[in-house]
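S.K.: Any chance you can model this:
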Amino acid sequence: MDIVDKAIRNWKLHGLALLFVIIAELIGAKKYQLGPGLIVLVPLLYSFALGALCGIKKLNILSRDDMVEASSLVGVTFFLLMACYGTLVGPNFWKVVETGPALVLQEFGNIGTVFFGVPLAVFLGLRREAIGAAFSNAREPNIAIIGEKYGLDTPEGRGVMGVYITGTIFGAVFCSLLSSMIASTVSFFSPQALAMATGTGSAGMMTAALAPLLEMYPDIKDELTALAAASNMLSGLDGVYLCVFLSLPLSNWLVKKLGVNDPPSVPPEKKTNA
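M.R.: Numbers count the residues shown, from 1 in each chain. Below you'll find the model as predicted:
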């Protein structure tokens, strides 16, 4: 039986998910003043925390098979989530069209991760791993790019997989806290610009980063959701080409400038063919 089929029939997972949703919604959104900033804790974060607690072996709540099956449902649930977001793009179509150039051009902002992340990674002792770790936000399309060009059992592959795993575990929480801090302390950015910035090609991170904005600006929540969803979709489309033709070559160039002269890795299948 396919793992997704097993997960769909695993009533323990569905029961726990329903319980976590009820608990998280009963707690509700909480706002805390932190210096000049405002931290907004939303129900999504509570459900993340409750789910993580279930993975503690001593609690004996979920088996390893349960956790593997649960992970297989992530993609399925995000399809439903993005379909829900898509219903808000239509009513706000002209708002999205008006910001069209900004939605496309903002993708170039992702190059910032190269100039910030690569030097930091090399400073921390990474070598070719820095390329895989810092040329993108290391989501599924970016793993495919590195896997095709270098292979995943290589320094570049270990770099991208390390950031992928870290982002999966901590990314949503980090994005949510960062979004609320920036929205409450930096008045330069409009809420619409912040909503567009949440769309980095990861549905989970976008949802987590958008939640505090919807809590802070409830009067325009449909507009913000539509802009975030459109931004996330465009990031998934043009982001791949930007990574292949711009950020990945830039990462290779910058690593060499920083003194890492190791040769690029070659996937095992290409070595065999050679």
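
S.K.: can you map out the helices along the stretch 151-274 of the chain?
M.R.: 155-166, 172-185, 191-197, 203-216, 221-242, 248-257, 268-273 (DSSP state H, counting those that start in this stretch).

S.K.: any idea which of these is most buried?
M.R.: helix 203-216 (a mean of 24; mean count of other CB atoms under 10 Å). All C-beta spots, glycine's among them, are computed from the backbone N, C-alpha and C.

S.K.: residues in contact with that one?
M.R.: 29, 31, 38, 40, 42, 44-45, 74, 78, 81-82, 137, 167-168, 171-173, 175-176, 178-180, 183-184, 191, 194-195, 197-200, 221, 224-225, 228-229, 231-232 (CB atoms under 8 Å, 6 or more residues apart in numbering).

S.K.: how many degrees apart are it and helix 221-242 in direction?
M.R.: Interaxial angle, helix 203-216 versus helix 221-242 (axes from the mean of the first three to the mean of the last three CA atoms, to 10 degrees): 150 degrees.

S.K.: Let's see helix 203-216 as CSV, backbone CA atoms only.
M.R.: What follows is helix 203-216 as a C-alpha-only set of coordinates in CSV (Å, rounded to 0.1, in the frame of the first residue of the first chain):
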residue,chain,number,x,y,z
ALA,A,203,3.9,27.3,1.3
GLY,A,204,4.6,26.5,4.9
MET,A,205,6.9,29.5,5.5
MET,A,206,4.6,31.8,3.6
THR,A,207,1.6,30.8,5.8
ALA,A,208,3.6,31.2,9.0
ALA,A,209,5.0,34.6,8.0
LEU,A,210,1.6,35.8,6.7
ALA,A,211,-0.3,34.9,9.9
PRO,A,212,1.0,37.8,12.1
LEU,A,213,0.3,40.3,9.3
LEU,A,214,-3.3,39.1,9.1
GLU,A,215,-3.6,39.5,12.8
MET,A,216,-2.1,43.1,12.7
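
S.K.: Average pLDDT for it, rounded please.
M.R.: For helix 203-216, mean pLDDT rounds to 84.

S.K.: and the angle for it with helix 172-185?
M.R.: 30 degrees.

S.K.: thinking again about what came up before, between the helices of the stretch 151-274 of the chain, which one is closest to residue 10.
M.R.: Proximity to residue 10 (CB to CB) singles out helix 203-216 among the helices of the stretch 151-274 of the chain, at 20.7 Å.

S.K.: tell me the contacts of residue 182?
M.R.: If you count contacts by CB under 8 Å, 6+ apart, then residue 182 has 189, 194 around it.

S.K.: Just the pLDDT at residue 104, thanks.
M.R.: 69.

S.K.: scratch that, residue 4
M.R.: Confidence score, pLDDT, at residue 4: 74.

S.K.: again, but for residue 97
M.R.: 67.

S.K.: do the same with residue 121
M.R.: At residue 121, pLDDT is 92.

S.K.: Near it, how many residues? Count them for me, please.
M.R.: 23 (other CB atoms under 10 Å).

S.K.: now it, nearest residue through space, not along the chain?
M.R.: residue 130 (3.6 Å; CB to CB, 6 or more residues apart in numbering).

S.K.: picking up where we left off before, out of the helices of the stretch 151-274 of the chain, nearest to residue 122?
M.R.: The nearest among the helices of the stretch 151-274 of the chain, by CB to CB, is helix 248-257 at 6.7 Å.
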